[in-house]
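1. need a structure here:
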Amino acid sequence: MFEPKNILVPTDFSNYSQHALRQAVDIARHYQSKISLLHVVDEAVQQCMVDYCLPEAVMRQLDAQSMKASADKLQDEISKLGDTAFGIEIIPVVKRGVPYDEIVKEQEMRHIDLIVMTSHGKTGILKTMLGGVVERVLREAKCPMLLLRM
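-> Predicted structure coming up:
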């Protein structure tokens, strides 16, 4: 019988992601699982554009601020659960990189049994018919996924 012990919930801090986290908490409670709540800071910020470059020190400062803000937001997401998450270990994780790559890497590194995601995120219907992050994770993940239709 399938009994997940390590659940991964990627989040973009949208209401959709909060719904996925609540579903993962329900599963974790039933199977005494732990949850890794992952946010990936996308590498979309470029140091140079056309003929202007930001100084390296500014880039490091922006990176540090972004990682700290993301860690704080993860704690807020966990706090929003209130008593519903009582007794469930939720591990906040912030990574920098390409979201689908980091999700798959985290799944392998933490020996994740189940990934819980929604079909929508901040980008709406994920670039037409499950494109983007969800589609790539579906193809590359080596564990079952629970895809919640929103």
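
2. Break down this protein into its helices, ranges please.
-> 15-31, 56-80, 99-109, 132-140 (DSSP state H).

3. Leu146: which of the ones you listed is closest?
-> Evaluated over the helices of the chain, closeness to Leu146 peaks at helix 15-31, with 7.1 Å, by C-beta to C-beta. No exception for glycine: its C-beta is placed from N, CA and C like everyone else's.

4. in the closest one, what's buried?
-> By 16 or more other C-beta atoms under 10 Å, the buried positions in helix 15-31 come out as Tyr16, Ser17, Gln18, Ala20, Leu21, Arg22, Gln23, Ala24, Val25, Ile27, Ala28.

5. how many other residues sit next to Ser79?
-> The tally of other residues near Ser79 (other C-beta atoms under 10 Å) stands at 9.

6. Relative to Val137, how far out is it?
-> Per C-beta to C-beta, to the nearest Å, Ser79 is found 26 Å from Val137.

7. looking at it, Val104 is touching Val137, isn't it?
-> Yes. Here Val104 reaches Val137: they are 6.4 Å apart, a contact under C-beta atoms under 8 Å.

8. Which secondary structure element of this protein has the lowest mean pLDDT?
-> The weakest-scoring helix or strand in the chain, judged by mean pLDDT, DSSP states H and E, is strand 48-49 (a mean of 66).

9. Tell me how many other residues surround Val58.
-> A count of nearby residues for Val58, using other C-beta under 10 Å, gives 11.

10. Confirm for me that Gln75 is in contact with Pro92.
-> Yes. The pair Gln75 / Pro92 is scored as a contact, 6.2 Å apart, by C-beta under 8 Å.

11. higher neighbour count, these two?
-> Using other C-beta under 10 Å as the criterion, Gln75 and Pro92 rank with Pro92 on top: 19 against 13.

12. So in terms of bridging, what pairs with that one?
-> In this structure, Pro92 bridges to Leu37 when assessed by DSSP bridges.

13. Next: the one 5 residues further on.
-> Beta-bridge partners recorded for Gly97 (DSSP bridges): Asp42.

14. what about this structure, any weak spots by pLDDT?
-> Where the chain drops to pLDDT under 70, the residues are 44-50, 120-131.
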